[in-house]
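1. A predicted structure for the sequence below; I have some questions about it.
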Amino acid sequence: MGKGIVYAKDTPNFVANRIGIYSMLSVVRAMMDLGLTIEAVDELTGPVRGNPKSASFRTVDLVGLDTIVHVANNVYEGAVNDEKRDMFQMPDFIKQMTEKKLLGEKTKAGVLQAGPGNGKKVTLVH
């Protein structure tokens, strides 16, 4: 199939997980720096740029906030000499969500959850 293996003996996690978490946290930091809403971020990171309609934050809810935090913490702990290590520290609002067990689909409440009555997704965190 023309695929090969990428060996990453000097860094923790699967390469794809590390890239995905880095990308997600880069988006979160840009959102915070630019004062964007979660809705705006999902509008900009979904189909408009060739990504699935789940975009950034719906994907977070599907994966589970606890999983994202675990993978990011694993990179942070294991990549002591990495120049981008600080990128893997969780922003406060994500820490607060995990403490409140707002983990996404598995707890039926995350960044987004079904709205009252109509079942449409509404943003919980701003």
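-> Right, received. Where do you want to start? Residues are numbered from 1 along each chain as shown.
2. And the contacts of the longest helix along the chain?
-> Determined from DSSP state H, the single longest helix within the chain is helix 15-34. Outside helix 15-34, the residues within contact range by Cβ atoms under 8 Å, 6 or more residues apart in numbering are 6, 8, 11-13, 36-38, 40-41, 45, 56, 59-60, 68, 71-72, 75, 84, 87-88, 90-91, 94. C-beta coordinates here come from the backbone N, C-alpha and C atoms, glycine included.
3. what's the next secondary structure element after that helix?
-> Read in the C-terminal direction, the helix or strand following helix 15-34 is helix 38-44, with elements assigned using DSSP states H and E.
4. got the buried residues for that next one?
-> 38, 41-42, 44 (16 or more other Cβ atoms under 10 Å).
5. Which strands and helices lie in contact with that helix?
-> helix 15-34, helix 57-63 (3 or more Cβ pairs under 8 Å, 6 or more residues apart in numbering; DSSP states H and E).
6. Of those helices, flag the one that's most buried.
-> Ranked by average neighbour count under the criterion mean count of other Cβ atoms under 10 Å, the helices and strands packed on helix 38-44 are headed by helix 57-63 at a mean of 21.
7. Contacts for it next, please.
-> Under the criterion Cβ under 8 Å, 6+ apart, external residues in contact with helix 57-63 comprise 24, 38, 41-42, 52, 54, 68, 104-105, 110-112, 121, 123.
8. Tell me the secondary structure at Q113.
-> Taken by DSSP: H, G, I helix; E, B strand; the rest coil, the conformation at Q113 corresponds to strand.
9. ok, it - how many residues close by?
-> Other residues lying near Q113 total 17 when counted by other Cβ atoms under 10 Å.
10. partner residues bridging it?
-> Beta-bridge partners recorded for Q113 (DSSP bridges): V122.
11. any idea how far P91 is from it?
-> Note on Q113: its distance to P91, by Cβ to Cβ, to the nearest Å, is 20 Å.
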